[in-house]
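Engineer: Kindly return the folded structure for what I paste below:
(one chain, ligands or ions: 1)
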Amino acid sequence: MMNYASGPPGTGGGSVSHAAQTPAIHAERLTVTRGTRTVLRGLDFAVPRGRITGLLGPSGCGKSTLMRAIVGTQAKVTGTLDVLGSPAGHASLRTRIGYVTQAPSVYDDLTVRQNLDYFAAILDPGRSAADRRHEHVTRAIADVALTGHAGSLAGNLSGGQRSRVSLAVALLGAPELLVLDEPTVGLDPVLRRDLWQLFHDIAAGRGATLLISSHVMDEAERCHRLLLMREGEILAEDTPDALRTRTGAETVEAAFLHLVDEATAQSRNKETTP
Ligand SMILES: Nc1ncnc2c1ncn2[C@@H]1O[C@H](COP(=O)(O)OP(=O)(O)OP(=O)(O)O)[C@@H](O)[C@H]1O
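Structural biologist: Residues are numbered from 1 along each chain as shown. Below you'll find the predicted structure:
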């Protein structure tokens, strides 16, 4: 089983700048309502820079809502939510964050390269930037292992390949923070392994921060840190190793179930205590 829970954030050697010491994401009493429902309830957590943090929890617990709040596309957010040192949604964050939603946002009638060319032209416009854009597009396509499909229409690709086109678009601007909503859903084991390797290369090579959601608990073992969610609340925030040790469980999945049982028992006790 892979485990990357090595050392605290920002310990890559050399001097650590003030920016690197502050968390990439910091939330206090973060609350989100959707319609009449409170979907996130007073969350407090921090996501360290330069690491891969897994956001794990069952379907419907609020992972996508939290990601939307972080990238600034969610309404009715209260409490504190700072991202890369600015309030979430601040205009200066637009080019510093890459966000991949669960639904791949690609144009089916364009080839893979044309899709990337289009988004690259928005990010880095002008004729004088043409060579740079070409280089960035070629690299992003290679990063997601689609070089052999660069000339294929996106509409003719498999679901997993289309997801990877979306990921390539997010990689284009070399963002400091990548927010990926269930990027490995529907991928075969080999592609999942290769994508996780890419995520680690991005974190180690570029010092980028990755927040990756999943409801597949075995992916937790591939993260440096975890935020475990349940019913709009953070159940635990720690490394996979620390979670296993704290709960005496062999896997993160067993640790999660242990924490759920503990939380359920605590809320029952509160209900029965006069
Ligand atoms: N537009 C909406 N209005 C009201 N409630 C909503 C709306 N969209 C989502 N919800 C509710 O908010 C809760 C959190 O949804 P969210 O999509 O964030 O969960 P999730 O953990 O990402 O789930 P999944 O893993 O299935 O994508 C769910 O209970 C959902 O029913």
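Engineer: near the ligand, which residues of the stretch 151-274 of the chain?
Structural biologist: Residues of the stretch 151-274 of the chain found near the ligand (C-beta under 6 Å from any ligand atom) are His215. Bear in mind the C-beta positions are built from the backbone N, C-alpha and C, glycine included.
Engineer: And the helices in the stretch 151-274 of the chain?
Structural biologist: For the stretch 151-274 of the chain, helices defined by DSSP state H, counting those that start in this stretch occupy the ranges 159-171, 189-206, 240-247, 252-272.
Engineer: winner for burial among the ones you listed?
Structural biologist: Most buried of those by mean neighbour count (mean count of other C-beta atoms under 10 Å) is helix 159-171; its value is a mean of 22.
Engineer: Give me the helices and strands touching that one, please.
Structural biologist: When contacts are defined as 3 or more C-beta pairs under 8 Å, 6 or more residues apart in numbering; DSSP states H and E, helix 159-171 packs onto strand 97-100, helix 112-123, helix 130-143, strand 177-181, helix 189-206.
Engineer: again, only this time at 7 Å
Structural biologist: If you count contacts as 3 or more C-beta pairs under 7 Å, 6 or more residues apart in numbering; DSSP states H and E, helix 159-171 packs onto strand 97-100, helix 112-123, helix 130-143.
Engineer: contact partners of it?
Structural biologist: 98-100, 104-106, 112, 115-116, 119, 140-141, 143-144, 146, 149, 154, 178, 183, 186-187, 191 (C-beta atoms under 7 Å, 6 or more residues apart in numbering).
Engineer: For this structure, which helix or strand comes out least confident on mean pLDDT?
Structural biologist: Taking mean pLDDT, DSSP states H and E as the measure, the chain has helix 18-21 as its least confident helix or strand, at a mean of 61.
Engineer: Helix or strand next in line after that helix, which one?
Structural biologist: Where DSSP states H and E defines the elements, the next helix or strand beyond helix 18-21 is strand 25-34.
Engineer: quick one: average pLDDT of that next one?
Structural biologist: Averaging pLDDT along strand 25-34 gives 98.
Engineer: neighbouring contacts of the helix or strand just after that strand?
Structural biologist: Proceeding N to C from strand 25-34, the next assigned helix or strand is strand 37-47, under DSSP H and E. By C-beta under 7 Å, 6+ apart, the residues outside strand 37-47 that reach it are 23-33, 53, 62, 65-66, 79, 209, 211, 227, 232-234, 237.
Engineer: The same query, at a cut-off of 8 Å, please.
Structural biologist: Contacts with strand 37-47, where a contact means C-beta atoms under 8 Å, 6 or more residues apart in numbering, come from 23-33, 53, 62, 65-66, 69, 79, 209, 211, 225, 227, 232-234, 237.
Engineer: how is this structure carved up into domains?
Structural biologist: 23-96+183-255, 106-174 (automatic domain parsing).
Engineer: So Gly50 versus Asn269, what's the distance?
Structural biologist: 40 Å (C-beta to C-beta, to the nearest Å).
Engineer: Format the helices and strands packed on helix 159-171 as TSV; extra columns: mean neighbour count.
Structural biologist: Formatted as TSV, the helices and strands packed on helix 159-171 follow (neighbours: other C-beta atoms under 10 Å):
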stretch	mean neighbour count
strand 97-100	22
helix 112-123	19
helix 130-143	16
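Engineer: Show me which residues of the stretch 1-150 of the chain sit near the ligand.
Structural biologist: Checking the stretch 1-150 of the chain against the ligand by C-beta under 6 Å from any ligand atom, the hits are 34-35, 37, 39, 57, 59-65.
Engineer: now for these, which pair is the farthest apart?
Structural biologist: Greatest spacing in those, by C-beta to C-beta: Gly35 and Gly57 (20.3 Å).
Engineer: the more surrounded of these two?
Structural biologist: Gly57 (26 against 6; other C-beta atoms under 10 Å).
Engineer: count of residues packed around the residue lying closest to the more buried one once chain neighbours are set aside?
Structural biologist: With sequence-adjacent residues excluded and distances taken as C-beta to C-beta, 6 or more residues apart in numbering, Gly57 is closest to Met229, at 3.4 Å. Using other C-beta under 10 Å, the number of residues around Met229 comes to 25.
Engineer: Brilliant, that's me finished.
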